[in-house]
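> 3D, please:
(one chain, ligands or ions: 1)
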Amino acid sequence: MPAISAQPYPFAFERATTALLLIDMQRDFLEPGGFGAALGNDVGLLRRAIGPARTMLEAARAAGMLVIHTREGHRPDLSDLPPAKKRRGGLACGIGDAGPMGRILVRGEAGHAIIPELAPCAGEPVIDKPGKGAFFATDLGAILKHRGIASLIVAGVTTEVCVHTTVREANDRGYECLVLEDCTGSYFPRFHEAALAMIAAQGGIFGWVAGSGAVIAGLASPG
Ligand code: C5J
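Next up, the predicted model:
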């Protein structure tokens, strides 16, 4: 069992019972010309996670680990979009409206797709989630249970929103979560830092934080 250097103390995991969970690496959040950029955000702050996440993804695949991708979005008829979520922010162009890459956060639209650099391979589950957390109103819990998963290595965007919500949900369900500091990102660097600090605070109240290099080295070790 590899035990890797992490905050607040070493993180031990078994390849067979650990999944790599990639949260919402979608075009609308990460690409110039997408929804996130249209709201005035600097997508470069998120894009710097792409290279490390791709290297981590390739290492997880090579190690035979389960890889799961999530996408935030809604049914085309918006029947799973809470009115409060639709109203929030009072955006002139919000969820369900025609945006720069199709209807915003609607399944099947171009902007809803996972960026090509991290495209899922055949056999890797893709979880379509209507909320911020990946467990809410999805079959993620069933998939993890059926595959015997006990630990999650978590990457994706944004650190303080969908990554954090998912880690909190997972922690309450008994999963050991390691969040990859270099494979996550936020439009607000101080929120990224604070979100990671919150994970590892109080003896790891939500889990562990490490760089992807430590995990990849752990996967390469014979342990
Ligand atoms: C995610 C968001 N994926 N920030 N969504 O974090 O609205």
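> just the strands in this protein please.
3-4, 11-12, 18-23, 66-72, 98-99, 102-103, 126-129, 151-157, 176-185, 208-210 (DSSP state E).
> tell me the residues of the chain that contact the ligand?
By Cβ under 6 Å from any ligand atom, the residues of the chain that approach the ligand are D24, F29, E72, V157, T158, V161, C162. C-beta: built from backbone N, CA, C; applies to glycine.
> please redo it, this time with the cut-off set to 8 Å
23-24, 26, 29, 72, 132, 156-158, 160-163, 165, 187 (Cβ under 8 Å from any ligand atom).
> in helices, which of the residues you listed fall?
In this view, the residues of the chain next to the ligand that belong to helices under DSSP state H are F29, T165.
> nearest to M56, of the residues of the chain next to the ligand?
G156 (10.8 Å; Cβ to Cβ).
> tell me the pLDDT of the closest one.
pLDDT, G156: 99.
> in space, what's closest to it - neighbours in sequence excluded?
I23 (2.8 Å; Cβ to Cβ, 6 or more residues apart in numbering).
> next: A62.
Nearest residue to A62, sequence neighbours excluded (Cβ to Cβ, 6+ apart): L219, at 7.8 Å.
> that neighbour - how many residues pack around it?
21 (other Cβ atoms under 10 Å).
> wait, doesn't it sit right on A63?
Yes. Using Cβ atoms under 8 Å, L219 makes contact with A63 at a distance of 4.5 Å.
> any residues in contact with both of the two?
Here L219 and A63 share the contacting residues R15, scored by Cβ atoms under 8 Å, 6 or more residues apart in numbering.
> quick check: longest helix in this protein by residues?
The chain, longest helix under DSSP H: helix 189-204.
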